[in-house]
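J.: Sequence and predicted structure, then a few things I'm wondering about:
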Amino acid sequence: MKQTNKTKWVIGHKITPSNITGDYDLVNGETPPGMPGPPPHTHSRFSEVFIITEGEMQFVLNGKPQIARTGDVIDLPPQTLHTFGNISDKPCKWINIHSPKGFLSFFEDTGVDAEEEDAQGKSLDPTVIEKVLSTAQEYDMNIVLGEKPA
């Protein structure tokens, strides 16, 4: 797995990976105000954790919405149907961990380098969204259609 440590915009969210020696991937993320999240999805093999470090984010976990605020931890065992989005008027910063290692390649392969002009806008281009949808299962991101996103 390649690991570039470069900041990318991934479907409207700013993602900065960290090089970690343990069997997990860790990224720092920032979600702009009003930005919806990914389509509702599960992971078959990954456990996932979000730690909100600033602001708040709405999560929908197994169909139930909840607001996570600064200091809150959202624990997502495998098979948890989830999505998230920033419904507030302020940015939200967070740490995201996937265990075991392996999901980082999704961010690297579908993201737009932050140094590119209008990288955030490009990350929301329909061709990029289609790439995310068509390749999601390759990254153990099992999209569940018909569920309401955050």
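T.: That came through, no problem.
J.: now residue 59: how far from residue 78?
T.: Taking C-beta to C-beta, to the nearest Å as the measure, residue 59 falls 16 Å from residue 78. (Glycine included, C-beta is placed from N, CA and C.)
J.: out of these two, which sits in the busier spot?
T.: In this view residue 59 and residue 78 are compared by other C-beta atoms under 10 Å, and residue 59 has more residues nearby, 20 against 13.
J.: my guess is the more buried one meets residue 81, correct?
T.: No: in this structure, residue 59 is not within contact of residue 81 by C-beta atoms under 8 Å, at 10.9 Å.
J.: if you go through this structure in chain order, where are the strands?
T.: 8-10, 13-18, 25-31, 41-42, 47-54, 56-61, 64-69, 73-76, 82-85, 92-99, 112-113, 142-143 (DSSP state E).
J.: Switch these over to CSV; also include distance to residue 130 and mean pLDDT.
T.: Listed next are these as CSV, based on distance: least, C-beta to C-beta, whole Å; pLDDT from 0 to 100:
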stretch, distance to residue 130, mean pLDDT
strand 8-10, 14, 97
strand 13-18, 18, 97
strand 25-31, 21, 98
strand 41-42, 16, 97
strand 47-54, 24, 98
strand 56-61, 23, 97
strand 64-69, 27, 97
strand 73-76, 25, 98
strand 82-85, 18, 97
strand 92-99, 23, 98
strand 112-113, 14, 97
strand 142-143, 12, 95
